[in-house]
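Participant: sequence plus predicted model, see below.
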Amino acid sequence: MGSTADAGDEAVIKSHIESLVAAQLQNSAIYGFLLSTVRIVSARKGSVTARLVLTRNHINSGGGIHGAASAAIVDWAGGMAIASWDLRSRTGVSVDIHVSYLSSAAEGDEIEITATADRIGGALAFTKVVISKVVDGKVGPVIANGSHTKYARPAVVAR
């Protein structure tokens with residue numbers, strides 16, 4: 001777990017999230033496959049916003065964003081919201097993920113991912129994720145809403 005004293009500074013939080021993403025892209029095959037071009041737009045305590053241009057890696061046989069890609073994005077983004085809460089580098093393990101699919105996006109479309117930590121407790125963390133299509137540079141229709149619960153007990157620091 002990181003220092004909560006630093007967690008109020010948005011520049012520090014964004015830098016922490018960007019470093020965490022860089023490490024995840026190298027250490028996780030699925031994140032490397034799906035999120036290699038993800039860009040962190042902003043980060044503050046309990047909230048992360050990112051953008052991603054969809055490639056064929058994200059697309060189903062019908063030409064729209066694959067449900068599994070959306071679910072993986074919800075998993076990843078929920079973890080980033082937790083990490084932004086107190087600058088932790090380990091965000092726990094998934095207990096529950098729920099995704100509602102509302103519309104779609106195609107290859108070449110840009111999406112915006114907004115993740116919010118609703119509650120970080122002693123053992124469980126609850127997050128919400130919204131994946132939206134970007135239209136003319138602005139957030140457009142919601143593609144998917146997700147909720148993600150993680151077992152996220154903070155690391156014990158030896159003294």
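Facilitator: Ah, there it is. On a predicted model such as this, the values are computed, not experimentally measured, just so you know.
Participant: switch to C-alpha atoms for all contacts and neighbour counts from now on
Facilitator: Noted.
Participant: mind listing what the nearest residue to Val130 once chain neighbours are set aside touches?
Facilitator: Computed as Cα to Cα, 6 or more residues apart in numbering, the closest residue to Val130 that is not its neighbour in sequence is Asn145, at 4.7 Å. If a contact means Cα atoms under 8 Å, 6 or more residues apart in numbering, then Asn145 has Val99, Ser100, Tyr101, Leu102, Lys128, Val129, Val130, Ile131 as its contacts.
Participant: ok, which stretches of the protein are helices?
Facilitator: Assigned by DSSP state H, the chain shows helices spanning 10-27, 29-35, 67-86.
Participant: before we move on, back to that, is the residue nearest to Val130 bridged to anything, and to what?
Facilitator: Under the criterion DSSP bridges, Asn145 forms beta bridges with Ser100, Val130.
Participant: roughly how far does it sit from Ala152?
Facilitator: According to Cα to Cα, to the nearest Å, Asn145 stands 21 Å off from Ala152.
Participant: out of everything not next to it in sequence, what's closest to the most centrally placed residue in the chain?
Facilitator: Nearest to the mean C-alpha position of the chain, by Cα atoms, centre = their mean, lies Ala77 at 1.1 Å. Once flanking residues are discounted, Ala77 sits nearest to Ala115: 5.6 Å by Cα to Cα, 6+ apart.
Participant: burial measure for the one you found, as a count.
Facilitator: A count of neighbours around Ala115, defined by other Cα atoms under 10 Å, yields 30.
Participant: what pairs with it across the strands?
Facilitator: Assigned bridge partners for Ala115, using DSSP bridges, are Val48, Val129.
Participant: that one: what's it in contact with?
Facilitator: Applying Cα under 8 Å, 6+ apart, one finds that Ala115 lies in contact with Ser47, Val48, Thr49, Ala77, Gly78, Met80, Ala81, Thr127, Lys128, Val129, Val130.
Participant: per-residue pLDDT, the residue nearest to Ser132 when sequence neighbours are not counted?
Facilitator: Leaving aside its chain neighbours, Ser132 sits nearest to Val142 (4.1 Å; criterion: Cα to Cα, 6+ apart). We have a pLDDT of 98 for Val142.
Participant: again with Pro154
Facilitator: pLDDT at Pro154 comes out at 68.
Participant: you'd agree Leu25 is up against Leu35?
Facilitator: Yes: contact status for Leu25 versus Leu35: in contact at 7.2 Å, counting by Cα atoms under 8 Å.
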